[in-house]
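Undergrad: Here is the input, now give the coordinates:
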Amino acid sequence: MSTKLINAIRTFHSNEEGLEALQVVMIIAIAAMVMVACATLGQKAVTWMGQQWSTLQGTSISST
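TA: This next block holds a predicted model:
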């Protein structure tokens, strides 16, 4: 069993198409993590900006 696994890993490692497929999967995974982070932090930023806008609407900016 372990010999078959080792041979499969060696074959996958030496195969250029396998390497390209692995790189594509890694890029997709990184992009997905960035999208999730932006969605999470983006929502918090929008909420914060909305609160600040509400605060500014009630404040008079002119000094007269």
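
Undergrad: switch to C-alpha atoms for all contacts and neighbour counts from now on
TA: OK.

Undergrad: Three-state assignment for the spatially most central residue of the chain, please.
TA: Geometric centre of the chain, nearest residue: Val34, 1.4 Å, by CA atoms, centre = their mean. Assigned by DSSP: H, G, I helix; E, B strand; the rest coil, the conformation of Val34 is helix.

Undergrad: where's it relative to Gln52, distance?
TA: To Gln52, Val34 is 26 Å away according to CA to CA, to the nearest Å.

Undergrad: now swap in Met26 and tell me
TA: Distance, Met26 to Gln52, by CA to CA: 38 Å.

Undergrad: And Lys44, by the same measure?
TA: Here the criterion is CA to CA. By it, Lys44 lies 12 Å from Gln52.

Undergrad: try Thr40
TA: 19 Å.

Undergrad: Likewise for Cys38?
TA: 20 Å.

Undergrad: Let me see the mean pLDDT of stretch 50-57.
TA: For stretch 50-57, the mean per-residue pLDDT is 85.

Undergrad: nope, stretch 6-25 is what I was after
TA: 76.

Undergrad: okay, how far is it across it, tip to tip?
TA: Stretch 6-25 end-to-end distance (CA to CA) = 22 Å.

Undergrad: how distant is it from the center of its chain?
TA: Counting by CA atoms, centre = their mean, to the nearest Å, stretch 6-25 is centred 24 Å from the centre of its parent chain.

Undergrad: for the helix or strand containing Asn7, packing partners?
TA: Element membership of Asn7 [criterion: DSSP states H and E] is helix 2-14. Identification of packing neighbours for helix 2-14 by 3 or more CA pairs under 8 Å, 6 or more residues apart in numbering; DSSP states H and E yields helix 16-57.
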